[in-house]
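Enquirer: with the sequence up front, the predicted model follows.
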Amino acid sequence: MSEPTPVDARGHHCPVPTLKLRKALEAAAPGDELFLLATDPMARIDVPHFAAQVGAAVLEIADREGGVIRFHIRKAP
């Protein structure tokens, strides 16, 4: 399996992080993993909700420097 694909939504507010994630998941192969970087606090709610709707798994949510939230996501197989 290849390295997770980075998806950068830093500096964008809802719904942009989720829209960027949707586009990346559509382009990804089943089982591929992605890292979504976001600074909008609402992403903590929106991203897991969206992932559940499309059958993707949120493997980890981690806080990074500068208020960045990193979501590790796997597309459904």
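Expert: That came through fine.

Enquirer: where does the most centrally placed residue in the chain sit: helix, strand or coil?
Expert: Nearest residue to the geometric centre of the chain (C-alpha atoms, centre = their mean): Leu36, 3.7 Å. Following DSSP: H, G, I helix; E, B strand; the rest coil, the label given to Leu36 is strand.

Enquirer: okay, and the beta partners of it?
Expert: Val7, Phe71 (DSSP bridges).

Enquirer: need the per-residue pLDDT for it.
Expert: Model confidence at Leu36, given as pLDDT, is 98.

Enquirer: and the gap between it and Arg22?
Expert: 11 Å (C-beta to C-beta, to the nearest Å). Quick note: C-beta positions are derived from backbone N, CA and C, even for glycine.

Enquirer: now Ala52: how far from His12?
Expert: Counting by C-beta to C-beta, the gap from Ala52 to His12 is 21 Å.

Enquirer: ok, those two, which is more surrounded?
Expert: More crowded of Ala52 and His12, by other C-beta atoms under 10 Å: His12, with 16 against 11.

Enquirer: the residue nearest to the more buried one when sequence neighbours are not counted in helix, strand or coil?
Expert: Distances taken as C-beta to C-beta, 6 or more residues apart in numbering put Asp40 closest to His12, at 6.6 Å, once the chain neighbours are dropped. Here Asp40 is coil, with the state taken from three-state DSSP.

Enquirer: distance of Asp40 from Glu26?
Expert: 21 Å.
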